[in-house]
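J.: Next comes the sequence, and after it the predicted model I'd like to discuss.
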Amino acid sequence: MLNFFHRQVQLWGEETQFSLQEKRIIIIGCGGLGSSLAYALGASGIGTIHLVDFDEVSIHNIHRQIAFRLDDQGKSKAQIVANTIKTRSPYVQVIAHQERFDTFALKNIEADLIIDATDNLPTRAAIDAYAKAHKTPWIYGSVEAFNGQVAFFDQASFDLFKITNRTPAGIAAPIVMHIASLQANLALRYLAGLSVKKDWLYYLYFDEAGELITQKFALPAA
């Protein structure tokens, strides 16, 4: 195992790498964000990953959802991502839950961290309620057009978001991968016992001149 994770062991040592084997995470959504998150975290040595997604692959998903190919249309997103992770790393247990989050929540599965990879605010509000009930931190991520948001929720309230079912605008594939990468970095640092800035919202966007701007805001406590 240490040879497989050689470059990570160089980064934080054998003890931390072995500790990741004991960690359990839940990724809600296996689309654009979820695909990239699963690739990044699935090959990092995290012991158990629960993947939750009720949906099947459609042709319009594939340009931004890197886990899928054209011949995956009509197949379960969660199961495909789970199978892919298993082929990339033999040191992770992956469980695919082919169901909506409200159904999954009834299972009361314990985890060290929950990661949002959904595409709507009502589900994120439900994730926040579930996380608070289980006293588990969670990482929020959203994308639209060339913009994105990321936050590590610990003590902060999600109530500042106006919960609507508004359909988002179009999405460019690279921003999806960028936001997922930021989420994955926060997740891996937290699980490895490294410092993480909690309860701050990071907003990233390209201005009219094409410059990438990052803003951050403190989130109110629950």
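T.: Perfect, I can see it now. Numbering: from 1, shown residues only.
J.: which strand residues sit across from the spatially most central residue of the chain in the sheet?
T.: Taking CA atoms, centre = their mean, the centroid of the chain lies closest to Ile115, which sits 4.1 Å from it. Legend: beta-bridge partners of Ile115 under DSSP bridges are Ile27, Ile139.
J.: what's the longest helix in the chain?
T.: Secondary structure of the chain read by DSSP state H shows that its longest helix is helix 173-191.
J.: Tell me the buried residues in it?
T.: Burial within helix 173-191, assessed by neighbour count using 16 or more other CB atoms under 10 Å, is assigned to 175-188, 190-191. C-beta: built from backbone N, CA, C; applies to glycine.
J.: next one: phi and psi at Ser76?
T.: Dihedral angles of Ser76 (phi, psi; degrees, to the nearest 10) stand at phi -70, psi 130.
J.: residue contacts, it?
T.: Going by CB atoms under 8 Å, 6 or more residues apart in numbering, Ser76 touches 53, 55-56, 96, 98.
J.: pLDDT wise, what is the residue lying closest to Ala218 once chain neighbours are set aside at?
T.: Nearest residue to Ala218 in three dimensions, chain neighbours excluded: Trp200, at 5.8 Å (CB to CB, 6 or more residues apart in numbering). If you check Trp200, the pLDDT there is 96.
J.: wait, isn't Trp200 in contact with Gln215?
T.: No - counting by CB atoms under 8 Å, Trp200 does not reach Gln215; the two are 10.4 Å apart.
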